[in-house]
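1. Below are the sequence and a predicted model; questions follow.
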Amino acid sequence: MTIADILLPDHPLFLAPMEDITAPSFRMVCKANGADFMYTEFISSDGLIRNGNKSVQKLDIYDFERPIGIQLYGHITEAMVEAAIIAEEAKPDLIDINFGCPVKKIANRGAGAGMLRNIPLMIEMTSAIVKSVKLPVTVKTRLGWDEEHKNIEEVAEQLQDVGIKAITIHGRTRAQLYKGTADWTLIGAVKNNPRIKIPVIGNGDINSPVKAREMFDRYGVDGIMIGRAAVGRPWIFRDIRHYLSTGELLPEPTVREKADLALLHFRRSLEYKEGKRAIFEMRRHFSNYFKGLPNFKETRLRLLTCQDEEEIKSIIEETGQKWGDYRSDDKTSVYTI
């Protein structure tokens, strides 16, 4: 598969851009576990053009992460164009436009998935960005604003016509947020539309190797994007790649292996972000790294409330030593067919 001149393997696996999650430390562990393409946390165009520290920091990318895209969001075309030009200077492999974030404070301002209520502006903005940068431009969006306005088939054609090089589609409307079940039928319809020549990447509810294989086979998508299922479980990329290649379901990592990975992740997070912020953002990962361990409630509470870096490291190390080679199931994968 290729996006413009970016060569990717067959059945590529994408790490979804997620606010306060897909920082360099998390991208590092996902890349090490087999993610083929990653994105920065999404960046506010307003924050970037005003040189806001948080927005500018998100432009930091590293060679080990490539290929990687910088994702932008905003509701004003001029600001988005200016932000795309700034982002291009960071030398990502592509610029991605977020037309899919359903969060109220973003969508209600007309950015993210809010742009699904103003398709002409979406197309105008995309066209302007494509013309303003030399890098490939891609889009991530949803099926539509709500159940009565699932217009992704028409929108995908219009976006392709103004020059995007790939489209990622989340199988829910904005109104659904993350509730219910992702509907991949319209994602498949876009992919199988003979007018669509660009890669179509599917997103939504991919939480196992079996589900990934099913979506590739049933809907013919070019790639799959994984978001929430990778949080605290970055080895999902390794597991999916192995299953796609061999048909074999890998057992989950041992607790010792999980602890080693969590410790590496935490140390890298401390390098990239200030102590308290790194600790706060790691908590959602910690909660999942050791999910399912029996009688772990007290240790989990310590891990999620502690604010001392060295003590957190000690808790992780103790967990790895105590549980060692334990798996939730020693004989088979945690994934079931």
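-> That came through, no problem. Here the structure is a predicted model, which is why all the values come from computation and not from measurement. Numbering: from 1, shown residues only.
2. So in the chain, where's the weakest helix or strand by average pLDDT?
-> helix 275-289 (a mean of 89; mean pLDDT, DSSP states H and E).
3. Tell me which helix or strand comes right after that one.
-> helix 297-305 (DSSP states H and E).
4. Just the CA trace of that following helix, in PDB.
-> As requested, the backbone C-alpha atoms of helix 297-305 are provided in PDB (Å, rounded to 0.1, in the frame of the first residue of the first chain):
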ATOM      1  CA  LYS A 297      -7.100  -3.600  43.500                       C
ATOM      2  CA  GLU A 298      -4.800  -2.300  46.200                       C
ATOM      3  CA  THR A 299      -1.700  -2.200  44.100                       C
ATOM      4  CA  ARG A 300      -3.700  -0.600  41.200                       C
ATOM      5  CA  LEU A 301      -4.900   2.100  43.500                       C
ATOM      6  CA  ARG A 302      -1.300   2.900  44.700                       C
ATOM      7  CA  LEU A 303      -0.200   3.000  41.100                       C
ATOM      8  CA  LEU A 304      -3.000   5.400  40.000                       C
ATOM      9  CA  THR A 305      -2.700   7.800  42.900                       C
END
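5. quick one: it to helix 275-289, angle?
-> 150 degrees (axes from the mean of the first three to the mean of the last three C-alpha atoms, to 10 degrees).
6. Buried residues in helix 297-305, which are they?
-> Under the neighbour-count criterion of 16 or more other C-beta atoms under 10 Å, helix 297-305 has Thr299, Arg300, Leu303 buried. Backbone N, C-alpha and C define where each C-beta goes, glycine included.
7. just stretch 97-110 next, same as before
-> Ile97, Asn98, Phe99, Gly100, Cys101, Pro102, Ile106, Ala107, Gly110.
8. Residues touching it, excluding its own?
-> 17, 42, 71-73, 75, 80, 111-118, 121-122, 125-126, 129, 137-142, 168, 170, 172, 174, 176-178 (C-beta atoms under 8 Å, 6 or more residues apart in numbering).
9. Narrow those to just the buried residues.
-> Here, 16+ other C-beta under 10 Å leaves 17, 42, 71-73, 75, 80, 111-116, 122, 125-126, 129, 137-142, 168, 170, 172, 174, 176 buried among the contacts of stretch 97-110.
10. Quick one: end-to-end length of stretch 31-40, please.
-> 13 Å (C-alpha to C-alpha, to the nearest Å).
11. Please work out the average pLDDT along that stretch.
-> Averaged over stretch 31-40, pLDDT sits at 97.
12. how distant is it from the center of its chain?
-> 9 Å (C-alpha atoms, centre = their mean, to the nearest Å).
13. hmm, who's touching it?
-> Residues contacting stretch 31-40 (C-beta under 8 Å, 6+ apart): 6, 8-9, 12-17, 22, 27, 30, 58-59, 61, 64-65, 67-71, 92, 96, 223, 230, 234-238, 240-241.
14. switch the cut-off to 6 Å
-> Contact with stretch 31-40 is made by 8-9, 12-15, 17, 27, 58, 65, 67-71, 96, 234-235, 237-238, 241, as judged by C-beta atoms under 6 Å, 6 or more residues apart in numbering.
15. if you look at those, which of them are in strands?
-> Leu13, Phe14, Leu15, Ile68, Gly69, Ile70, Gln71, Asp96 (DSSP state E).
16. My read is that the second one contacts Ile226, right?
-> No: here Phe14 lies out of contact with Ile226, judged by C-beta atoms under 6 Å, at a distance of 7.0 Å.
17. those strands in the stretch 51-200 of the chain, which residues are they?
-> 68-73, 94-99, 137-142, 167-170, 200-203 (DSSP state E, counting those that start in this stretch).
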